[in-house]
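Enquirer: Structural data only, the sequence is not supplied:
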């Protein structure tokens, strides 16, 4: 997917200004498609120049006219043609998972610290998604019906974060078990050394 179709989709759902588009992007598409504000504004102007977007100026009291963008007939055709094409599945690209491959170079404490850090980030993301989900269901029923397909990526995001959190919590449990076993082995090792030292008491030294 390219940024141009993300812009077209958001403006197809509801026309808006560049600022409106930025806010909608931040609250929806940005969670599964990254782009800077500059890239988004450039794409907006490019689509307008190509005749895929129309621009109407709305007067504002004490402020410059507001430019409201909407899809032209050509824009709707381009969006429909793109939406009909099969989308390739994307593989996960997560640097942290590569770190786990090299995890044998890290101590148990280092691993637990890193997992806990990522776990907190994913819990925060889940909280953000769930807050957005509540806002969606606070909309009028007719809007929910109209936007139910656009709502699906958010539901997938919620389930993805829940799965990641559950996996990380299980990983922390396993690391804790390993830590306790390592401590137990160390204590047993110390006990053997102390036992050997006791066996070599005064009599042992006399021999």
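Expert: Nice, I can see it. Just so it is clear, the model here is predicted, and its values are computed rather than measured.

Enquirer: Nearest spatial neighbour of residue 12, chain-adjacent residues omitted?
Expert: residue 71 (5.3 Å; CB to CB, 6 or more residues apart in numbering). For glycine as for every other residue, the C-beta is placed from the backbone atoms N, C-alpha and C.

Enquirer: quick one, what contacts that neighbour?
Expert: Shown in contact with residue 71 (CB atoms under 8 Å, 6 or more residues apart in numbering): 8, 11-12, 15, 52-54, 79.

Enquirer: So which of these are in helices?
Expert: Counting by DSSP state H, the part of the contacts of residue 71 found in helices is 8, 11-12, 79.

Enquirer: Could you list the low-confidence segments of this protein?
Expert: Low-confidence segments of the chain (pLDDT under 70): 1, 193-207.

Enquirer: Please, where are all the strands along it?
Expert: Counting by DSSP state E, the chain has strands at residues 53-60, 63-71.

Enquirer: counting contacts, what elements does the first one pack onto?
Expert: The criterion is 3 or more CB pairs under 8 Å, 6 or more residues apart in numbering; DSSP states H and E, and the helices and strands that strand 53-60 contacts are helix 37-49, strand 63-71.

Enquirer: Make JSON lines from those and add distance to residue 153 to it.
Expert: What follows is the helices and strands packed on strand 53-60, written out as JSON lines (distance: least, CB to CB, whole Å):
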{"stretch": "helix 37-49", "distance to residue 153": "18"}
{"stretch": "strand 63-71", "distance to residue 153": "20"}
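
Enquirer: Can you check which of those gets nearest to residue 88?
Expert: Residue 88 lies closest to helix 37-49 among the helices and strands packed on strand 53-60, at 21.0 Å (CB to CB).

Enquirer: so how far is residue 75 from residue 47?
Expert: Plainly put, residue 47 is 7 Å away from residue 75 if you go by CB to CB, to the nearest Å.

Enquirer: Spit out the residues that contact these two alike.
Expert: Listed contacts common to residue 47 and residue 75 are 8, 53; contacts here mean CB under 8 Å, 6+ apart.

Enquirer: buried stuff in stretch 96-111?
Expert: Neighbour counts using 16 or more other CB atoms under 10 Å place 99, 111 of stretch 96-111 among the buried residues.
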